[in-house]
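Colleague: here is a sequence together with a model predicted from it:
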Amino acid sequence: MTEQDDNAAGPEGDRIAKVLARAGVASRRDAEKMIAEGRVTVDGTKLTTPAVKVPPGAIIQVDGQVIAGAEPTRLWRYHKPIGLVTTHKDEKGRPTVFEHLPPGLPRVISVGRLDLNSEGLLLLTNDGALARRLELPETGWTRRYRVRFFGTIAQGELDRLSGGVTIDGVRYGPIEATLERSTGQNSWASVALKEGKNREVRRVFEHFGLRVSRLIRTAYGPFQLGDLAEGQAAEVSGKVIKEQLGLSRNPNRSAGPRPAPAPRPVPANAPSRPAAAAPAKGRKRQQTATERNAHLARARRPDRPKQPPRKR
């Protein structure tokens, strides 16, 4: 390759960052950083820009290692413990999620993040493009949390969050918060939101003068933490991935009533027939004289003489 732009010679293909993300190497953003650092080559040529479309069959290398083709999309539910950073490499040397994953998992990327002191459900995937898609607020998936906090607050104050709130110039979208129980100064609440901005739950509660002491994510869209043990991962079946991720509508919405079946088309040359009147509900339709005579003719034996009418 000699040209590194979208109009490079050769068959059309996907952008290099998308190819690397689809192969599970890194997210698109991290792939672009790798390219800027000169770590990616295509057919022996070092790339200096991500604005390259890779034709089918091209040999891609990252740090000298050949990258295999894209694998089928896979997704895992992971119970993140407290004390792990959701990153592949931490500049402060703190332990990371990806250093403590159960054995047997391929290289994966997280769908969003949970901060150091948060725990609960974290989705992992080998498809960087999918991870980016599921992180966007436009996806409309609801994130659900259980929050333990220190302090007191009335349900009416939490209800104000349903219209969103602005804190220090940052606008947070609608949040559903419901008090569950209180023991002294410690209380539990359930929270549901769709944006998932950085430290959103903690900052909103701090805005009310409350200190969050425990934050557990219990659901991300249709995927639940359930009884998954801390530090364990469970793969989502391909059938569920197809059903939940292949939907064009919001997966959080329940399916509405099925539409009535379309009427069967009538040929243009078909003779028109008047619709038969339906019998009234609870009443038996009366037979016509023709129907009664036909029934009697079928019931009468041909060798049996006709009986004279009875005298009254």
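Modeller: Received, thanks. Numbers count the residues shown, from 1 in each chain.

Colleague: buried ones in stretch 107-122, by neighbour count?
Modeller: 108, 109, 110, 111, 113, 114, 115, 118, 119, 120, 121, 122 (16 or more other CB atoms under 10 Å). C-beta here means a position set from N, CA and C on the backbone, and glycine is covered the same way.

Colleague: tell me who's in contact with the third one.
Modeller: So the one you mean is residue 110. Neighbouring residues of residue 110 by CB atoms under 8 Å, 6 or more residues apart in numbering: 86, 97, 122, 123, 124, 131.

Colleague: what distance do you get for it to residue 97?
Modeller: Using CB to CB, to the nearest Å, we find residue 110 at a distance of 7 Å from residue 97.

Colleague: if I look at the two, which residues touch both of them?
Modeller: Common neighbours of residue 110 and residue 97 (criterion: CB under 8 Å, 6+ apart): 86, 122.

Colleague: so where does residue 214 fall, helix or strand?
Modeller: strand 211-220 (DSSP states H and E).

Colleague: mind listing what that strand pairs with, with the direction of each?
Modeller: Strand partners for strand 211-220, identified by DSSP bridges, are recorded as strand 119-125 (parallel), strand 143-150 (antiparallel), strand 223-224 (antiparallel).

Colleague: is it true that residue 74 touches residue 234?
Modeller: No - counting by CB atoms under 8 Å, residue 74 stays clear of residue 234, with 11.8 Å between them.

Colleague: between those two, who's got more neighbours?
Modeller: Comparing residue 74 with residue 234 by other CB atoms under 10 Å, the one with more neighbours is residue 74, at 18 against 13.

Colleague: give the rounded mean pLDDT of the strand holding residue 214.
Modeller: For strand 211-220, mean pLDDT is 96.

Colleague: can you list contacts of that strand?
Modeller: 111-112, 114, 117-123, 134, 141-151, 186, 201-202, 205-206, 224-225.

Colleague: list the buried ones in that strand?
Modeller: Buried residues in strand 211-220 (16+ other CB under 10 Å): 212, 214, 215, 216, 217, 218, 219, 220.

Colleague: same check on stretch 192-212?
Modeller: Neighbour-count burial for stretch 192-212 flags 192-194, 196, 200-205, 208, 210, 212 (criterion: 16+ other CB under 10 Å).

Colleague: can you pull out the low-pLDDT segments for the stretch 101-250 of the chain?
Modeller: 246-250 (pLDDT under 70).

Colleague: still on that earlier bit, need the buried residues of stretch 192-212 in a markdown table with distance to residue 176 and secondary structure, can you?
Modeller: Output for those, formatted as a markdown table (distance: CB to CB, whole Å; DSSP: H, G, I helix; E, B strand; the rest coil):
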| residue | distance to residue 176 | secondary structure |
| --- | --- | --- |
| 192 | 4 | strand |
| 193 | 7 | strand |
| 194 | 10 | coil |
| 196 | 14 | coil |
| 200 | 13 | helix |
| 201 | 12 | helix |
| 202 | 17 | helix |
| 203 | 17 | helix |
| 204 | 12 | helix |
| 205 | 14 | helix |
| 208 | 15 | coil |
| 210 | 16 | coil |
| 212 | 17 | strand |
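
Colleague: show me which pair in those residues is furthest apart.
Modeller: 194 and 210 (21.5 Å; CB to CB).

Colleague: tell me where the protein has helices.
Modeller: All helices of the chain, identified by DSSP state H, fall at 16-22, 28-36, 128-135, 155-159, 200-207, 238-245, 289-299.

Colleague: pick the most deeply packed of these.
Modeller: Among the helices of the chain, helix 16-22 has the highest mean neighbour count (mean count of other CB atoms under 10 Å), at a mean of 24.

Colleague: quick revisit: which one of the helices of the chain lies closest to residue 56?
Modeller: The nearest among these, by CB to CB, is helix 16-22 at 10.2 Å.

Colleague: can you give the distance from that closest one to the centre of its chain?
Modeller: 21 Å (CA atoms, centre = their mean, to the nearest Å).

Colleague: would you mind measuring from the residue nearest to residue 80 when sequence neighbours are not counted to residue 57?
Modeller: Nearest residue to residue 80, sequence neighbours excluded (CB to CB, 6 or more residues apart in numbering): residue 122, at 4.4 Å. Distance, residue 122 to residue 57, using CB to CB: 36 Å.
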